[in-house]
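Enquirer: next one to model:
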Amino acid sequence: MSGASTLTMQVVKRGIGDSRSLTGKIRQALYALRIETRATKCDILRTYLNSAPYGLNLVGCEAAARRYFGKPARELTLAEAALLAGLPKAPTAYMPLARPERARARRNHVLERMLAEGYIAEDACRRACAQPLGARWHEFPYHAPHVAMRLRETPQAQRAGPVRLTLDAGCQEDVERQCAHWLKRFNGAITNTAAVVVDVAEGAYLARVGSVDFFDTPGGGQVDCSRAPR
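Expert: Numbers count the residues shown, from 1 in each chain. Now for the predicted structure:
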């Protein structure tokens, strides 16, 4: 009934659709063989991890790392990475926020398999298994949302590669905080503000705030006031 697909076939299913019929499985297998001849195992694994379900409507290990642990996937500890590695098998059954004991057992099973396969040492496995689960709800970062919305349709973003900007993360965060702080001084007489910080010598944007609260839709939060005509 289930569990008969290889990891490469799992990648194929997300591209051409799932099917439990014999014909569908054969079709998936043929597409999987074509992928195997054209892509490395690391490429296939990367594609799988970037498209696998992790519960809470999360797709991809990067989204899961930021939701459950509040940091990028590359910064995960061994125990945290093992937890995410075990989630796609049954994201609801092993949901760490709802079923922590099941999630912990699944994580430790992954660690024990890594030990058996020779990927980690025994002491590393023992220390990781003893660690608390550590998963909790983290909000996604959404600095400079107006800039992000403008860039999402650009050719660079459509190619799914990184879009590099001159914005300074520390400066952006500070300006967003300052805008919200100074707006409170007007006691509601002024309801929104925007700011742009530019390195004049370099001609580069360091920070750009289009509104104080992007999600304040009735108040015009999604209008980019940094670009609006005065």
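Enquirer: ranges for the helices of the chain?
Expert: Counting by DSSP state H, the chain has these helices, from start to end: 7-16, 22-38, 41-51, 61-69, 78-86, 100-116, 122-130, 145-151, 155-158, 169-183.
Enquirer: out of the ones you listed, which is closest to Asp224?
Expert: helix 145-151 (4.2 Å; Cβ to Cβ). Using the backbone N, CA and C atoms, a C-beta is placed for each residue, glycine as well.
Enquirer: contacts for that closest one, please.
Expert: For helix 145-151, the surrounding residues in contact (Cβ atoms under 8 Å, 6 or more residues apart in numbering) are 142, 157, 163, 165, 167, 208-211, 214, 222, 224, 226-227.
Enquirer: okay, the lowest-mean-pLDDT helix or strand in the chain in CSV with CA atoms only?
Expert: When each helix and strand of the chain is scored by mean pLDDT, DSSP states H and E, helix 155-158 comes last, with a mean of 74. The C-alpha trace of helix 155-158 is given here as CSV (Å, rounded to 0.1, in the frame of the first residue of the first chain):
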residue,chain,number,x,y,z
PRO,A,155,14.2,36.6,-13.1
GLN,A,156,16.8,36.0,-10.3
ALA,A,157,14.1,34.9,-7.8
GLN,A,158,12.3,32.8,-10.5
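Enquirer: what is the distance between that helix and the centre of its chain?
Expert: Put simply, helix 155-158 sits 18 Å off its chain's centre (Cα atoms, centre = their mean, to the nearest Å).
Enquirer: quick revisit: closest to Glu75 among the contacts of helix 145-151?
Expert: The nearest member of these to Glu75, counting by Cβ to Cβ, is Tyr142 at 19.0 Å.
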